[in-house]
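>>> From the sequence below, what's the structure:
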Amino acid sequence: MSLIDTHAHLNDARLLPSVPDIVSSMEMDGVDKIINVGYSRQSSEISVDLANSYKNIYCSVGIHPHDSKDATQADYEYFISVSQNPKLVAIGEIGLDYYYNLSDESIQKRVFVEQLELANSLSLPIIIHLRDAYADMFTLLSQNKHYLNHGVVLHCYSGTSDDLKQYQSITDMYVSVGGAITFKNNASRKDVIAQVPINLLLLETDCPYMTPVPHRGTINYPKYVKFVASKLIDWFPDRDIITETNNNAKRLFDKLRN
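Next up, the predicted model:
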């Protein structure tokens with residue numbers, strides 16, 4: 001059975017020239033569908049264009065916390081204008097990133113909440129990017145729970161089990177895992193992922209980033225999602241990882257069923 005990569009960046013300059021080859025080999029590579037994720041106005045436009053051009057590529061649009069300092073009302077109006085596209089499945093990736101702080105924390109918070117409100121008004125799920133801002137994220141999600149009506153993904157989740165319990169106390173959140181779980185120094189992630197209900201688990205690559213073992217140190221591709229699935233199958237042999245994660249992706253991003 002083929003896999004769904006729920007978070008890829010084919011709009012990245014390192015992958016964009018290879019998109020025709022990536023798409024043509026999807027069936028052979030065991031990849032059924034790819035969600036290409038926007039992180040700025042420009043990358044979101046490319047994301048939509050790719051989804052319009054290729055049958056099994058879907059898209060999301062949004063402003064990443066790094067780019068939140070540049071967010072404008074015109075960006076939001078563009079997101080609204082493409083929201084009825086049958087291939088657009090989410091608003092994201094949006095969130096908080098205090099590791100690099102490429103945008104001021106107060107701006108990150110404001111733009112994140114604005115996009116939560118926008119996603120809710122458009123009846124779309126949200127894809128959350130979260131790094132070194134767990135307390136503030138919990139506060140913002142708690143204060144804005146009324147916007148979390150159409151699904152939430154904690155993308156490439158790297159927090160603790162305790163953090164995860166806190167977030168799940170707000171609303172049931174999907175947890176997406178990628179190549180990082182294959183790294184030798186990340187074996188402890190098994191205990192965290194074990195806390196994720198099987199009906200809330202998703203697979204991703206975050207390509208071209210976070211390349212899984214055995215290809216770590218090279219450019220990541222959607223076809224490497226199989227290594228993420230393989231690690232989860234090794235950790236949880238009693239779970240039907242492939243069937244469940246595919247079903248979860250189609251339940252959350254319902255346009256994938258089309």
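>>> Helices of the stretch 1-150 of the chain, start to end?
Shown for the stretch 1-150 of the chain, the helices assigned by DSSP state H, counting those that start in this stretch span residues 19-24, 26-29, 41-53, 73-81, 105-121, 134-143.
>>> Remind me what the longest one packs against, helices and strands.
Applying 3 or more C-beta pairs under 8 Å, 6 or more residues apart in numbering; DSSP states H and E, one finds that helix 105-121 contacts helix 73-81, strand 88-97, strand 126-131, helix 134-143. No exception for glycine: its C-beta is placed from N, CA and C like everyone else's.
>>> I'd like the helices of the stretch 1-150 of the chain written out as a markdown table, with mean pLDDT and mean neighbour count added.
Shown next, in a markdown table, are those (pLDDT from 0 to 100; neighbours: other C-beta atoms under 10 Å):
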| stretch | mean pLDDT | mean neighbour count |
| --- | --- | --- |
| helix 19-24 | 98 | 15 |
| helix 26-29 | 98 | 14 |
| helix 41-53 | 98 | 20 |
| helix 73-81 | 98 | 14 |
| helix 105-121 | 98 | 19 |
| helix 134-143 | 98 | 17 |
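>>> can you tell which of those helices is closest to residue 89?
helix 41-53 (8.8 Å; C-beta to C-beta).
>>> Surely residue 89 and residue 62 touch.
No - with contact defined as C-beta atoms under 8 Å, residue 89 and residue 62 do not form a contacting pair (11.6 Å).
>>> would a markdown table of the helices of the stretch 1-150 of the chain with distance to residue 35 be doable?
Formatted as a markdown table, those follow (distance: least, C-beta to C-beta, whole Å):
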| stretch | distance to residue 35 |
| --- | --- |
| helix 19-24 | 14 |
| helix 26-29 | 13 |
| helix 41-53 | 9 |
| helix 73-81 | 16 |
| helix 105-121 | 15 |
| helix 134-143 | 22 |
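>>> Which one, of the ones you listed, ends up nearest to residue 238?
helix 26-29 (26.7 Å).
>>> any residues touching that closest one, and which ones?
2, 32, 34, 56, 222-223, 226 (C-beta atoms under 8 Å, 6 or more residues apart in numbering).
>>> Tell me the buried residues within these.
Buried by 16 or more other C-beta atoms under 10 Å: 32, 34, 56, 222-223, 226, out of those.
>>> can you tell me which of these lies nearest to residue 149?
Of the buried ones among the contacts of helix 26-29, the one sitting nearest to residue 149 (C-beta to C-beta) turns out to be residue 34, at 25.9 Å.
>>> Can you lay out the helices and strands packed on helix 105-121 as CSV showing distance to residue 26?
Shown next, in CSV, are these (distance: least, C-beta to C-beta, whole Å):
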stretch, distance to residue 26
helix 73-81, 27
strand 88-97, 17
strand 126-131, 21
helix 134-143, 33
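>>> I am finished for the moment; much appreciated.
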